[in-house]
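Trainee: next come a sequence and a model predicted from it.
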Amino acid sequence: MVTVLSPRPDLWTLDPDVLHLNHGSFGAVPRRTQELLAMLRAETEANPMRWFRSVAERVTASRLELAAFLQTDPEGFALVPNASAGVSASLAAIPIPAGSRIVITNHAYGAVRYAAERFASANQAEVVVVDVPLEADDDSVVATVEAALDDRTAAFIVDQISSATAMVFPIRRLADLCRSHGIPSIVDGAHAPALLDAPAEEGADFWTGNFHKWPSAPRGTAGLVVAEKWRAATLPLIVSWSEYDERLPERFDQQGTADYAAWIAAPESLRVLEELNWPRRRTELSGLIDEGAKLVAKALGTSVAEVARPAATMRLVELPFPGERSPDAGEAFKEKVSLELKAEITLTGFDDRVFIRLSAHAYNSLQDYQRLAEWLPALL
């Protein structure tokens, strides 16, 4: 008989009276990491001068641990506040001539699309959106993207795991495709750390991912991995004292009087994952979210979206959304679910369909999804 790992809500400080089913947006920081974070911030306030003298060494130690977790070259790995900042820094490093094109897909995260639009507008370029169906397999994805690339393409930006659709893209093949066309590739790996092994070792020119999601590190902790040919050109978005440091990571390490406690505490969350036997638990969570999503879909009279390569711990359940569909209406519905059902969910939209994007982490159990399935239909 196979032993199933037990849920570990005790490792977090989450309100036990609330269904926490949206780890994918803002994560949840384990108790131990919170305690370390509080100690570091108390140390900061006890002697700010001593603290800031120690920051460089501590950030370096943390950065090396985070790079090792990603199994990537530490000399090409810098810390950034979030994946959106990583994408922006990547776009700033790439020549974008007037009349050129920045290619993205229709799965792109909103802030990443905005970044593409800002840089395109500033350089008299344009953004081209490639339509990739949910059910597209890897061969179809690659063929669809290849058809959109041409000699005017300045950059291609692609999700590794799409936030909107929880779809895993064939990053290695897409990076190889871009390289063969001489086109810089930027990978938005916001959800990839801890969901994919060695997510940054895919051959892209730039890769960026969040540690506050599945590794459960403090928010404001993310990584940017830069291929060697682009390191000299890649600069922090804020000009600070490290402006002329020739080393990529150190250029990003100190951005003025920031709160570095989150970066320094982040490896503690990796140790929590190790205690959780994360590789095995991730596999079990995939089975849990499969079963939980089916329960919710059955209760709603809908279905679980047929994503060709779904993320390990996220699923989309179609929602028969009541009333007019708009961002404001979606926010209002989530607030209603939070207040009336004491459940935290998120909604995503794709091809005029509305989905609940359900998550599973080590604190979740099947009972959480059973409760949502029992209560949610009454609000529709």
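Mentor: Perfect, I can see it now.

Trainee: and the pLDDT for the residue nearest in space to the middle of the chain?
Mentor: In the chain, the centroid-proximal residue (Cα atoms, centre = their mean) is residue 190; its distance is 2.1 Å. The model reports residue 190 with a pLDDT of 98.

Trainee: and what of residue 256?
Mentor: 83.

Trainee: nearest residue to it in space, please, no chain neighbours.
Mentor: Nearest residue to residue 256, sequence neighbours excluded (Cβ to Cβ, 6 or more residues apart in numbering): residue 240, at 5.0 Å. Every residue, glycine included, has its C-beta placed from N, CA and C.

Trainee: now do residue 347 against residue 83, distance only.
Mentor: Per Cβ to Cβ, to the nearest Å, residue 347 is found 20 Å from residue 83.

Trainee: so the two - more neighbours on which side?
Mentor: Higher neighbour count among residue 347 and residue 83: residue 83, with 31 against 20, using other Cβ atoms under 10 Å.

Trainee: how near is that one to residue 212?
Mentor: Residue 83 sits 10 Å away from residue 212, taking Cβ to Cβ as the criterion.

Trainee: please enumerate the helices of the stretch 1-150 of the chain.
Mentor: Assigned by DSSP state H, counting those that start in this stretch, the helices in the stretch 1-150 of the chain fall at 23-26, 31-46, 48-70, 83-93, 110-122, 138-148.

Trainee: of all these, which one is nearest residue 163?
Mentor: Residue 163 lies closest, by Cβ to Cβ, to one member of the helices of the stretch 1-150 of the chain: helix 23-26, at 7.4 Å.

Trainee: now the closest one: buried residues?
Mentor: By 16 or more other Cβ atoms under 10 Å, the buried positions in helix 23-26 come out as 23-24.

Trainee: looking at it now, give me its mean pLDDT.
Mentor: Mean predicted confidence for helix 23-26 is 97.

Trainee: thought residue 343 was touching residue 373?
Mentor: No - taking contacts as Cβ atoms under 8 Å, residue 343 lies outside contact range of residue 373: 10.7 Å.

Trainee: what touches both of residue 83 and residue 212?
Mentor: Here residue 83 and residue 212 share the contacting residues residue 222, scored by Cβ atoms under 8 Å, 6 or more residues apart in numbering.

Trainee: which elements pack onto the least confident helix or strand in the chain by mean pLDDT?
Mentor: Lowest by mean pLDDT, DSSP states H and E among the helices and strands of the chain is helix 327-336, with a mean of 92. In this structure, helix 327-336 packs against strand 347-350, with contacts taken as 3 or more Cβ pairs under 8 Å, 6 or more residues apart in numbering; DSSP states H and E.

Trainee: A helix includes residue 187, no?
Mentor: No - according to DSSP: H, G, I helix; E, B strand; the rest coil, residue 187 belongs to no helix; its state is strand.

Trainee: run a quick neighbour tally on it.
Mentor: 30.
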